[in-house]
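Participant: Below are the sequence and a predicted model for it; my questions follow.
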Amino acid sequence: MRYFYVKENPFCVASNTVTMARVSALVPTEGSYGGILNITKEFMGGTIPSMFEIQEEDPILFITLVSGSGIGKVAIVFLFLAPLSIIFYPQIRNMLRKQGNRK
């Protein structure tokens, strides 16, 4: 008997779904255990690739947003402006305080 476990999506951390598969064969009363073990290994080697579908590679998010509608392009602008505003906020605030003190 041979067992193996298959996780639903090995790259997804949140997925806890695991499926167990078992391949079993009767051991002949005459003959060797190694012979039936080789048969089960060959069987598993032929069937396991057929159990899974090939997934296409997902497109890069940036390319998806750019090629999409205007909302995607606006989202890209905000994605770049948000970190810049956080980085330069102290400098802008200090400049505005200095201008307020001059008046």
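Facilitator: Good, I have the coordinates. Residues are numbered from 1 along each chain as shown.

Participant: can you give me the helices in the chain?
Facilitator: 33-51, 61-67, 70-102 (DSSP state H).

Participant: and these, which one's lowest on average pLDDT?
Facilitator: Mean pLDDT is lowest for helix 61-67 out of these, coming in at a mean of 72.

Participant: which secondary structure elements does that helix contact?
Facilitator: Counting contacts by 3 or more Cβ pairs under 8 Å, 6 or more residues apart in numbering; DSSP states H and E, helix 61-67 is packed against helix 70-102. From N, CA and C alone the C-beta is placed, and that goes for glycine too.

Participant: now the helix it packs on, how far from the centre of its chain.
Facilitator: Centroid displacement of helix 70-102 relative to its chain, using Cα atoms, centre = their mean, to the nearest Å, is 33 Å.

Participant: would you turn the helices of the chain into JSON lines with mean neighbour count and distance to residue 25?
Facilitator: Converted to JSON lines, these look like this (neighbours: other Cβ atoms under 10 Å; distance: least, Cβ to Cβ, whole Å):
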{"stretch": "helix 33-51", "mean neighbour count": "11", "distance to residue 25": "5"}
{"stretch": "helix 61-67", "mean neighbour count": "12", "distance to residue 25": "47"}
{"stretch": "helix 70-102", "mean neighbour count": "10", "distance to residue 25": "55"}
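
Participant: looking at those, which is closest to residue 21?
Facilitator: Comparison of those against residue 21 by Cβ to Cβ identifies helix 33-51 as nearest, at 8.0 Å.
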